[in-house]
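Undergrad: Next comes the sequence, and after it the predicted model I'd like to discuss.
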Amino acid sequence: MQAAQAEIIAIRALQFVMQDETLRERFMAITGLTPSEIQNNVTDSGLHLGALEFLLQHEPDAEASLVRPT
């Protein structure tokens with residue numbers, strides 16, 4: 001997998017987490033991030049990867065996200 005593909009997957013993971021209220025609240029609780037911190041760092045690759053790792057910790061969430069290479 002190329003770096004660009006990996007980045008797209010990680011961005012999609014963040015989008016999925018932020019669109020689901022339950023996942024968003026759990027992600028913020030686990031990471032300690034506030035909504036404004038997430039918004040201010042939305043282009044940060046570390047945040048993208050954190051969201052992807054968060055999803056991968058719970059298989060049903062990862063499957064529901066349909067995070068796959070395109």
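TA: Okay, I see it. Numbers count the residues shown, from 1 in each chain.

Undergrad: hey, let's count contacts and neighbours off CA atoms from now on
TA: Will do.

Undergrad: buried stuff in the longest helix along the chain?
TA: Longest among the helix segments of the chain by residue count, using DSSP state H, is helix 3-19. Neighbour counts over helix 3-19 (16 or more other CA atoms under 10 Å) mark 8, 9, 10, 11, 12, 13, 14, 15, 16, 17, 18 as buried.

Undergrad: okay if I get those as CSV plus distance to residue 46 and pLDDT?
TA: CSV is the format used below for these (distance: CA to CA, whole Å; pLDDT from 0 to 100):
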residue, distance to residue 46, pLDDT
8, 13, 86
9, 13, 84
10, 9, 83
11, 10, 86
12, 13, 87
13, 12, 86
14, 11, 89
15, 14, 90
16, 16, 89
17, 15, 89
18, 15, 91
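
Undergrad: Surely residue 48 is in contact with residue 13?
TA: Yes: the criterion here is CA atoms under 8 Å, and residue 48 meets it with residue 13 at 7.0 Å.

Undergrad: how about the helices of this structure, start to end?
TA: 3-19, 21-31, 35-40, 45-56, 59-65.

Undergrad: relative orientation of the first one and helix 45-56 in degrees?
TA: With axes from the mean of the first three to the mean of the last three CA atoms, to 10 degrees as the criterion, the two stretches helix 3-19 and helix 45-56 enclose an angle of 70 degrees.

Undergrad: Give me the neighbour count for residue 55.
TA: Counted with other CA atoms under 10 Å, the neighbours of residue 55 add up to 23.
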